[in-house]
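**Student:** generate coordinates for the sequence data below:
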Amino acid sequence: MNPDSPEARTIQLGIVQMTCTPSKQENVARALARIAEAAERGAQLVCLQELFHGPYPCQSEDHARFAEAEPIPGPTSRALAQAARQHGVVVVGSLFERRAAGLYHNTAVVWDADGSTTGIYRKMHIPDDPLYYEKFYFTPGDLGFRSFATRIARIGVCVCWDQWFPEAARLTALTGAALLFYPTAIGWLPDEKATCGPSQHAAWETMLRSHAIANGVFVGAPNRVGCEGQLEFWGASVVIDPYGNVLARAAHDREEVLVVPCDLSLVESARTHWPFLRDRRIDAYAGLNQRFLDPVADPDIP
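**Tutor:** The predicted model follows:
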């Protein structure tokens with residue numbers, strides 16, 4: 001089967017939305033059980049949430065938390081590879097990678113259905129916000145925006161904060177991705193939820209839908225759920241088609257495994273009916289390489 005072929009072909013996409021406990025062993029075991037559940041329900045490709053193997057580590061700057069990181073390959077990545085092989089599914093997992101002493105990344109790995117490693121993506125955009133002190137822990141990715149040919153389809157992966165940047169989605173789509181995944185850890189601050197919660201969640205989902213529409217891709221975003229420290233992760237994991245339709249959305253307040261049929265022929269359909277890639281003015285976008293376009297006086301205007 002050619003994963004890049006445009007013919008009508010429906011795949012079953014699995015999205016795992018979990019709570020996390022302080023025990024890495026327990027979290028990994030629960031993730032493996034959710035992969036098995038998704039596969040039993042027919043999923044051919046399963047994506048886990050960001051840093052699924054433990055509580056979100058970046059609510060404070062704590063040197064002790066570097067001990068949670070692992071090399072790739074390592075114990076957790078080997079367990080996910082074995083799950084992919086055992087169940088015959090493609091697996092996407094987000095890991096706290098120890099690349100070298102003092103060098104750590106927020107890294108997503110793709111394993112094909114035979115358990116082989118298809119590729120890795122290191123999170124490119126690293127936030128530094130209240131309770132999201134990721135710059136303390138993670139070096140920005142150095143592999144660029146990528147997609148990976150699996151037995152099921154060519155897929156791209158970005159991670160959480162990357163999803164606010166249209167450039168990341170575009171460049172990943174331009175490498176040939178038909179599906180774009182965003183393993184995510186996003187939630188509410190308790191003192192903001194009542195006044196800002198609905199609009200914050202709406203903005204997040206709107207961005208995901210916009211990436212699907214602008215690039216003619218399926219988008220899947222598994223988010224963690226439940227309270228950890230000062231954050232309430234809002235769940236609402238979502239699968240979106242290339243026209244921006246929400247095919248499935250998980251609850252805000254409980255664990256859930258979504259298994260969603262995705263007709264890959266919609267990628268071809270969306271991109272020919274809404275030919276945004278065709279009509280891009282690539283000759284006119286040099287300014288995107290600048291941090292900001294400072295105003296320049298026009299000599300023809302008095």
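
**Student:** mind saving the C-alpha coords of stretch 20-30 as CSV?
**Tutor:** C-alpha atoms of stretch 20-30 as CSV (Å, rounded to 0.1, in the frame of the first residue of the first chain):
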residue,chain,number,x,y,z
CYS,A,20,-1.3,11.3,34.8
THR,A,21,-0.1,10.1,38.3
PRO,A,22,3.3,10.7,39.9
SER,A,23,4.4,7.1,38.9
LYS,A,24,6.1,6.8,35.5
GLN,A,25,5.6,3.1,35.6
GLU,A,26,1.8,3.5,36.1
ASN,A,27,1.5,6.1,33.4
VAL,A,28,3.4,4.0,30.8
ALA,A,29,1.3,1.0,31.7
ARG,A,30,-1.9,2.9,31.3
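
**Student:** how far does it sit from the chain's center?
**Tutor:** Here stretch 20-30 is found 20 Å from its chain centre; the criterion is CA atoms, centre = their mean, to the nearest Å.

**Student:** now stretch 53-67
**Tutor:** With CA atoms, centre = their mean as the basis, stretch 53-67 stands 20 Å off its chain's centre.

**Student:** quick one: mean pLDDT over that stretch.
**Tutor:** Regarding stretch 53-67, the rounded mean pLDDT is 97.

**Student:** buried ones in that stretch, by neighbour count?
**Tutor:** For stretch 53-67, the neighbour count (16 or more other CB atoms under 10 Å) marks 53, 54, 55, 56, 57, 58, 59, 65 as buried. (Glycine included, C-beta is placed from N, CA and C.)

**Student:** and which of the residues you listed is nearest residue 213?
**Tutor:** Of all these, residue 56 has the smallest distance to residue 213: 29.3 Å, by CB to CB.

**Student:** before we move on, the earlier item: farthest pair within the buried residues of stretch 53-67?
**Tutor:** Farthest pair in those (CB to CB) is 53 and 59. Separation: 16.2 Å.
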